[in-house]
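>>> Next input, structure requested:
(2 chains)
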Amino acid sequence: MYKAPRGTSDILPQEQTYWKYVEEKAAFLCQLYGYQPLTTPILEDAQLFARTVAGGTDIVDKEMYTFEDRSGQKLALRAEGTAPVCRAYLEHGLFNLPQPVKLYYIGPAFRYERPQAGRYRQHHQFGYEALGEADPALDVEIIEMAQRFLLSLGFSEFSIQLNSIGCKLCQPKYREALRQHYSNYTTYLCPDCKVRLLRNPLRLLDCKKISCQKIAETAPKITDYLCPECQAHFQSVQQYLEALVIPFQLNYRLVRGLDYYTRTVFEIEPHEEGAQSALGGGGRYDNLIEQLGGKHTPAVGFAAGIERLILNLKKQKIKVSVLPKPIAFIAYLGEEAKIEAIKLAFELHQAGIAVIKATGDKSLKGQLRQANSLCTNYAIIIGEKEVKNHTAVLRDMITNKQKTIPLAEVISSLKQN
RNA sequence: GUGAGCGUAGCCCAGUGGUUAAGGCGCCAGGUUGUGGCCCUGGAGAUCGUGGGUUCAAAUCCCACCGUUCACCCCA
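Numbering: from 1, shown residues only, chains lettered A, B, ... in the order given. This is a model prediction of the structure:
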């Protein structure tokens, strides 16, 4: 038997209620703020991710799905959502539109990781990006939207962690300061942190090992090293958030996984504990588009993992709206009635009324059982008598009342509901 | 990539060396020559994850692989 590949899963109809719920809230939010949908290919040039995400991140080092196609081109399955959006922005000259350009996407991302709760090899991200504007008010809009999105889903218990990791000018100085601080403690560092010290010192801060955390406590803070411009930007972000009364926690240890971030970074944590906890995160990436060959274009965005959102919706027992289902089930008895049933279903569908017709010549009892399990409000029954009289039995499955009506009146009767 | 737990029907699961592998949900049929849900009766459905080994005998013990879950790592 074939199985879905490791770390991937089928999303069965029962699950789809959650998915549609999340997708609808996402689309509504973006429409509310004027972010337009963008769908990018699942395949990209492997270099797109290698160049932008790179730098001491596992994503590129060992988690990318890359392969050569028949022409020898190196392709990669989408590893994250932001770089493709930037690629599309450049490729289609969206920088010629009035800036900022506001876009959103919902789609799969692939990473070759060991699957775990809230972590899959194929997962789905909802993200939105505002490209071409450096105003801290835009950082705040992105955060504000994230908060509104989670509230609209029904979450109430979550915190917004906020930090600034500076820019090209100030970050190197801070990295150096960190390096100096940590090099006094190299013998106490865990093996992973010894590597981080060399490759990506910022990540030293979020090591979970207690021994390493102690060293992080006394480490210099990025906020003391920000250049005046980054400092002012960070102050404005906080000021605007306060004006909106959006609660946030400054977290000097917050360092996002992807390497392209500058200045504002933020993450949304549910209060409920769990290893794979972050519901989403984002930040500013003022250098990414330049890295991709465009001119200097500041940008900021957010992404959330749909599977994790759904996991938390279930954990917190948040009710989601159910999907619409057909209103009636059409049952028949005998070959002549079957033809009438097929014709009736055709006409109902033509009239835009959702119905399911029986197939397979089952007993009436069996057909009504099926109607029952489908939870339709009505059953329409056509037997020999009804064929002769050009009628149908319309049975209300909730009240148990039924009446015989002319075939021609079935549509209007159902339309009343 | 590291560590630990678990793999018995579509789903939940009993069975820890000895007849035809038990039960519940679901599915199908019957109990009403044309009426669902509740109830009753019957039925179908399992190479006991895969391969190898130990044994007279393996779902049960051992090994390997695969899958899955949880944690580390990493991240959404």
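
>>> Say whether RNA strand B is contacted by stretch A:207-217.
Yes - Stretch A:207-217 comes into contact with RNA strand B (Cβ under 7 Å from any atom of the strand), by way of A:207-209. C-beta here means a position set from N, CA and C on the backbone, and glycine is covered the same way.

>>> after the lowest-mean-pLDDT helix or strand in chain A comes which helix or strand?
Of all helical and strand segments in chain A, the minimum by mean pLDDT, DSSP states H and E falls on helix A:58-62, at a mean of 67. Next in sequence after helix A:58-62, counting helices and strands by DSSP states H and E, comes strand A:66-68.

>>> Enumerate the positions of the longest helix seen in chain A that are buried.
Secondary structure of chain A per DSSP state H: the longest helix is helix A:13-33. Buried residues in helix A:13-33, counting neighbours by 16 or more other Cβ atoms under 10 Å, are found at A:18-19, A:21-22, A:25-26, A:29-30, A:33.

>>> If we only consider these, which is nearest to RNA strand B?
Sorting the buried residues of helix A:13-33 by distance to RNA strand B puts A:Val22 at the head of the list, at 12.5 Å, by Cβ to the nearest atom of the strand.

>>> What residues does that closest one make contact with?
A:Val22 makes contact with A:126, A:153, A:306, A:309-310, A:313, according to Cβ atoms under 8 Å, 6 or more residues apart in numbering.

>>> Okay, and which of the residues you listed map to helices?
Short answer: those in helices (DSSP H) are A:153, A:306, A:309-310, A:313.

>>> Counting neighbours, which of those comes out on top?
Neighbour counts for the ones in helices among the contacts of A:Val22 peak at A:Leu309, which has 26 neighbours (criterion: other Cβ atoms under 10 Å).

>>> Check what pLDDT the closest residue to it other than its chain neighbours gets.
The shortest distance from A:Leu309 to any non-neighbouring residue, by Cβ to Cβ, 6 or more residues apart in numbering, is to A:Val22 (5.6 Å). Note for A:Val22: predicted pLDDT of 96.

>>> Distance check, A:Val22 against A:Phe149.
Relative to A:Phe149, A:Val22 is positioned 9 Å away (Cβ to Cβ, to the nearest Å).

>>> quick one on the thing from earlier: does any part of the longest helix of chain A sit near RNA strand B?
No - Helix A:13-33 lies apart from RNA strand B when judged by Cβ under 7 Å from any atom of the strand; the minimum separation is 11.3 Å.

>>> quick one: which of the ones in helices among the contacts of A:Val22 is nearest A:Val255?
A:Leu309 (22.9 Å; Cβ to Cβ).

>>> Quickly find the element holding A:Pro108.
Secondary structure assigned from DSSP H and E places A:Pro108 in strand A:101-110.

>>> Check for me that A:Leu226 belongs to a helix.
No - counting by DSSP: H, G, I helix; E, B strand; the rest coil, A:Leu226 is located in no helix; its state is coil.

>>> which ones are touching it?
Neighbour list for A:Leu226: A:164, A:166, A:170, A:234 [criterion: Cβ under 8 Å, 6+ apart].

>>> again, only using 6 Å
A:166, A:170 (Cβ atoms under 6 Å, 6 or more residues apart in numbering).

>>> ditto for the one 4 residues further on
With contacts defined as Cβ under 6 Å, 6+ apart, A:Cys230 is in contact with A:166-167, A:170, A:263.

>>> switch to 8 Å and redo it
Neighbouring residues of A:Cys230 by Cβ under 8 Å, 6+ apart: A:164, A:166-167, A:169-170, A:263.

>>> what's the farthest-apart pair in the residues you listed?
Largest separation among the contacts of A:Cys230 by Cβ to Cβ: A:Ser164 and A:Leu169, giving 12.9 Å.

>>> Who has more neighbours out of those two?
Shown here are A:Ser164 and A:Leu169; by other Cβ under 10 Å, A:Ser164 has more neighbours (29 against 12).

>>> Can you name the residues bridging to that one?
Beta-bridge partners for A:Ser164, by DSSP bridges, are A:Thr264.

>>> what's the distance between it and A:Phe149?
Distance from A:Ser164 to A:Phe149, counting by Cβ to Cβ: 22 Å.

>>> about what we covered before: pairing partners for the strand holding A:Pro108, with directions?
Partners of strand A:101-110 in its sheet, by DSSP bridges: strand A:36-37 (parallel), strand A:122-131 (antiparallel).

>>> any idea of the mean pLDDT for it?
Strand A:101-110 comes out at a mean pLDDT of 96.

>>> same deal with stretch A:294-313?
94.

>>> got the end-to-end distance for it?
Counting by Cα to Cα, to the nearest Å, you get 40 Å between the two ends of stretch A:294-313.

>>> so how far is it off the chain centroid?
Remark: stretch A:294-313 is offset 7 Å from the chain centroid, using Cα atoms, centre = their mean, to the nearest Å.

>>> That stretch close to RNA strand B?
Yes - for stretch A:294-313, a contact with RNA strand B is found by Cβ under 7 Å from any atom of the strand, at A:303-305, A:307-308.

>>> again with stretch A:396-412
Yes - residues of stretch A:396-412 contacting RNA strand B under Cβ under 7 Å from any atom of the strand: A:397-398, A:400, A:402.
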